[in-house]
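>>> sequence unknown, structure follows:
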């Protein structure tokens, strides 16, 4: 799915390796995926982006072929602050101290923390189909909770959600992703098979649950500290979301991002949640000039 790209596995700290595909030439561009997926979400846009950029598309900690450590008692080793350090170490290992970021869903929450904590490392940022984590939890409604039920399922104490996911990982992937606005139709069978394979890997259910547990605990502490201290995202930010998705129905993305970022633009695209797979042409039409 990534012709001409190289597969790499980089040790970013003792015992933690991040798997990635790398391709193209030019200014570096980091692509971060969401749940319950892997770097494979970018297969329809990465080859085009690689015409202008050195594209680095990793699997997040806990996902895909990257390491899946056992979660700490306070979930701190899956905090977005910890996941950011994985990506900084990966990019520095490849020789990149400053780069652009295009990120979806969970990866976009990592990118948010990256841009706040390490603004000198980030040139420009595109975030896909999220509002800030703190805003989404503080503004949870019945409509949001029904649509994003997995947010509240995955944060239950281990091993309850892990046990249920592990009972049939492929069915879980298809049920979760297929109940979004566009069903399973947008997904290349090869990509869908990759998501199913990776969710069945040892430790994957636990690692991905820990990502959500961190988001509902230690990440909120970090976000509240930012708000209290008046810390904003400094790099220019483009926010894109699906007009058929839950974020569009339940939140006002531009308003929320303008509360936490210095320079924000954005719009809804004609698709649902999985923008890079549902509307790759529309996505490229916005991000190519933004990064240029």
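All right, it came through fine. Since we're looking at a predicted model, the values are computed, not measured. Numbers count the residues shown, from 1 in each chain.
>>> list the contacts of stretch 75-83.
For stretch 75-83, the external contacting residues (CB atoms under 8 Å, 6 or more residues apart in numbering) are 60-62, 69, 71-72, 109-110, 112-113, 117, 207, 210-211, 213-215, 217-219, 222. Bear in mind the C-beta positions are built from the backbone N, C-alpha and C, glycine included.
>>> buried subset of those residues?
60-62, 69, 71, 109-110, 112-113, 117, 207, 210-211, 213-215, 218-219, 222 (16 or more other CB atoms under 10 Å).
>>> any idea of the pLDDT on the one residue sitting closest to the centre of the chain?
In the chain, the centroid-proximal residue (CA atoms, centre = their mean) is residue 107; its distance is 1.7 Å. Note for residue 107: predicted pLDDT of 98.
>>> partners of the closest residue to it other than its chain neighbours in the sheet?
Excluding the flanking residues, the one nearest residue 107 by CB to CB, 6 or more residues apart in numbering is residue 32, at 2.8 Å. Partner residues in beta bridges with residue 32, using DSSP bridges, are residue 103.
>>> is it true that residue 32 touches residue 58?
Yes. Counting by CB atoms under 8 Å, residue 32 does reach residue 58; the two are 7.3 Å apart.
>>> who touches both of these two?
residue 87.
>>> coming back round to it: packing partners of the helix or strand hosting the residue nearest to the centre of the chain?
In this assignment (DSSP states H and E), residue 107 forms part of helix 105-117. Applying 3 or more CB pairs under 8 Å, 6 or more residues apart in numbering; DSSP states H and E, we find helix 105-117 packed against strand 28-32, helix 80-93, strand 99-104, strand 122-128, helix 218-229.
>>> to residue 18, which of those lies closest?
Distance to residue 18, taken as CB to CB, is lowest for helix 80-93 among the helices and strands packed on helix 105-117, at 5.0 Å.
>>> ranges for the strands of the stretch 101-250 of the chain?
Shown for the stretch 101-250 of the chain, the strands assigned by DSSP state E, counting those that start in this stretch span residues 122-128, 237-242.
>>> closest to residue 201 out of those strands?
strand 122-128 (24.7 Å).
>>> packing partners for that closest one?
Using 3+ CB pairs under 8 Å, 6+ apart, the elements in contact with strand 122-128 are strand 99-104, helix 105-117, strand 237-242, helix 280-291.
>>> please repeat the previous calculation with a cut-off of 10 Å.
With contacts taken as 3 or more CB pairs under 10 Å, 6 or more residues apart in numbering; DSSP states H and E, strand 122-128 sits against strand 28-32, strand 99-104, helix 105-117, strand 237-242, strand 264-269, helix 280-291.
>>> can you put these in JSON lines and add distance to residue 19?
Shown next, in JSON lines, are the helices and strands packed on strand 122-128 (distance: least, CB to CB, whole Å):
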{"stretch": "strand 28-32", "distance to residue 19": "13"}
{"stretch": "strand 99-104", "distance to residue 19": "17"}
{"stretch": "helix 105-117", "distance to residue 19": "14"}
{"stretch": "strand 237-242", "distance to residue 19": "26"}
{"stretch": "strand 264-269", "distance to residue 19": "29"}
{"stretch": "helix 280-291", "distance to residue 19": "23"}
